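In: let's see this in three dimensions:
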Amino acid sequence: WIPSDPSPCDWAGINCTADGFVSSVCLANMELHGSLPPHLFFLSLTKLGSLDLSHNRLSGPIPPHLGGELPALQALDLSFNRFHGSIPPSLGNLNRTLMYVALNGNLLSGSIPREIGSLSNLQYLDLSDNSLSGRLPSELGKLSNLVSLSLGKNSFMGGLPKEIGKLGQLTSLYMASCHLSGQLPDEIGGLRSLQKMDFTHNSLSGPIPDSVGELTNLISFIMPFNLFNGTLPTGLGRCSNLRIIELSYNKFSGKIPDDISGLLYITSLSMEGNRLTGSIPSWIGQWQNLNSLLLSNNLFTNSIPRELGNCSSLVTLSLDGNLLHGSIPHELCRAPSLSQLFLNKNLLSGTIEHTFKNCSSLSDIEVNGNEISGGIPAYLADLDGLISLGLDGNLFSGPIPDAIWASKSLMEFSARNNRLVGGLSPRVGTLTI
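Out: Numbering: from 1, shown residues only. Got it, this is the predicted structure:
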């Protein structure tokens, strides 16, 4: 910048209108530091439509009168700086122009000002990753044109206001790690355009309302690490576009409902760390797009359904810490992409004499803490991609085949607490045991 230049229109990061008024300031990633002046910088910028100072080291408060001094402002991006203090209520004065607000990644505190509900044209609001507190204002429900709302990684109190259900244009709702409690309101079913919902790491409780079934555009439903209880919401079965369901580490009970069997686009189903019971449904084998199935640490019983081998895209299968019994079905190897198989701490029995012979894509096999018997088969060394093999705490007998020690791919091998005979081979090499 050249202070002696009578016009700033040729300065780096400055754009002007045809008649010489500054229309945008884009100084992102410029290593700027210091604070913003409370008035002087903005007084002559009456035509400024966009202000982007993101990804710098600016500090101090956001100028309190900013909303009154930039009457044409449409986009404000102060993200990833070190601004502190409160969000200026004067932003509410920009009710006719402001469409984009990004204040995420700062040190802002205090509550979200109710005046923000006046921004009737606002489409994008990101206040995540700050130190905001207080209750979420019901006025958020007035932002009728809002498409994306991100409030995660703050320290709010209380629950989600029912007025949030009025945001009929909202497609993305990010509320992870922001200390929310209470129940999800039934009105959440009003978010008919919603595609992505993330409430990870809160203290939300009670059952998930069946009104989630009204969210027919939903693609990802992410709710792990909360206190939800009751049965899994059957309404999810009406969300035919769902790709991702993550409900791990809650207090859900009962069975996986058959109502969701028709969700054929599912790529990831995660329900670990709940109190789910009954059998693992065999209809999961219809999900040809399923990449990850995580059902560990529940109370599932009966056998592992052989139909899971029909999941042609399956990469990770984790069923640790259940009450599954019977032998491991060799049909799992029909899943051509299966790489990680975790079956630890169940009641599985039988042998693995032929079980994994055709599992050419496996990199991790973990079956620790079961009742599997027979010998350790030498063919395991022929699985070219096998990196980790865990056989601890079973009933394996006989010697460890020399081929295991000579494996070129295997890096971790463990077979403690079995009925094995013989000693370690002198060919252990770099294998970790």
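
In: wait, residue 86 touches residue 112, no?
Out: No. With contact defined as C-beta atoms under 8 Å, residue 86 does not reach residue 112; the gap is 9.4 Å. (C-beta placed from N, C-alpha, C; glycine too.)

In: between these two, which one's more packed in?
Out: Taking neighbours as other C-beta atoms under 10 Å, residue 86 and residue 112 compare with residue 112 leading, 24 against 15.

In: from residue 83, how far out is the more buried one?
Out: 15 Å (C-beta to C-beta, to the nearest Å).

In: likewise residue 414?
Out: In this view, residue 414 and residue 83 are 51 Å apart by C-beta to C-beta.

In: ok, those two, which is more surrounded?
Out: A direct count of neighbours by other C-beta under 10 Å for residue 414 and residue 83 places residue 83 higher, at 22 against 15.

In: does that one sit in a helix or strand, and which one?
Out: With elements taken from DSSP states H and E, the one containing residue 83 is strand 82-85.

In: against which helices or strands is that strand packed?
Out: Under the contact criterion of 3 or more C-beta pairs under 8 Å, 6 or more residues apart in numbering; DSSP states H and E, strand 82-85 touches strand 57-61, strand 107-110.

In: residue 50 is nearest to which of the ones you listed?
Out: Go through those one by one with C-beta to C-beta and the one that ends up closest to residue 50 is strand 57-61, at 16.7 Å.

In: can I get the very next helix or strand once past that closest one in CSV? Just the C-alpha atoms.
Out: Towards the C-terminus, the helix or strand next in line after strand 57-61, according to DSSP H and E, is helix 66-69. Extracted as CSV, the C-alpha positions of helix 66-69 are listed here (Å, rounded to 0.1, in the frame of the first residue of the first chain):
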residue,chain,number,x,y,z
LEU,A,66,-19.0,-1.8,12.4
GLY,A,67,-22.6,-2.6,11.4
GLY,A,68,-23.6,1.1,11.3
GLU,A,69,-20.5,2.3,9.3
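
In: neighbours around the nearest residue to residue 187 once chain neighbours are set aside, how many?
Out: By the measure of C-beta to C-beta, 6 or more residues apart in numbering, the closest residue to residue 187 outside its immediate chain neighbours is residue 165, 3.0 Å from it. Residues contacting residue 165 under the criterion other C-beta under 10 Å number 20.

In: then residue 165 would be within a helix, right?
Out: Yes. The assignment for residue 165 is a helix, going by DSSP: H, G, I helix; E, B strand; the rest coil.

In: tell me where the model's unsure across this structure.
Out: Of all residues in the chain, those with pLDDT under 70 make up the ranges 1-6, 39-43, 423-433.

In: let's see 90
Out: Counting by pLDDT under 90, the low-confidence segments of the chain come to 1-12, 19-21, 36-46, 64-71, 95-96, 360, 408, 422-433.

In: I'd guessed residue 214 sits against residue 193; true?
Out: No. Taking contact to mean C-beta under 8 Å, the distance of 11.1 Å between residue 214 and residue 193 leaves them out of contact.

In: ok, those two, which is more surrounded?
Out: Neighbours of residue 214 and residue 193, each counted by other C-beta under 10 Å, are more numerous for residue 214; the result is 20 against 16.

In: not counting its neighbours along the chain, what's nearest the more buried one?
Out: On the basis of C-beta to C-beta, 6+ apart, the spatially nearest residue to residue 214 that is not a chain neighbour turns out to be residue 189, at 3.8 Å.

In: for residue 163, same thing?
Out: Of all residues not flanking residue 163 in the chain, residue 141 sits nearest, at 2.7 Å (C-beta to C-beta, 6+ apart).

In: the one you found contacts residue 161, doesn't it?
Out: Yes. Assessed by C-beta under 8 Å, residue 141 is found in contact with residue 161 at 6.6 Å.

In: hang on, the earlier thing: mean neighbour count added to the helices and strands packed on strand 82-85, as CSV?
Out: Supplementary listing: the helices and strands packed on strand 82-85 in CSV, determined by neighbours: other C-beta atoms under 10 Å:
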stretch, mean neighbour count
strand 57-61, 16
strand 107-110, 16
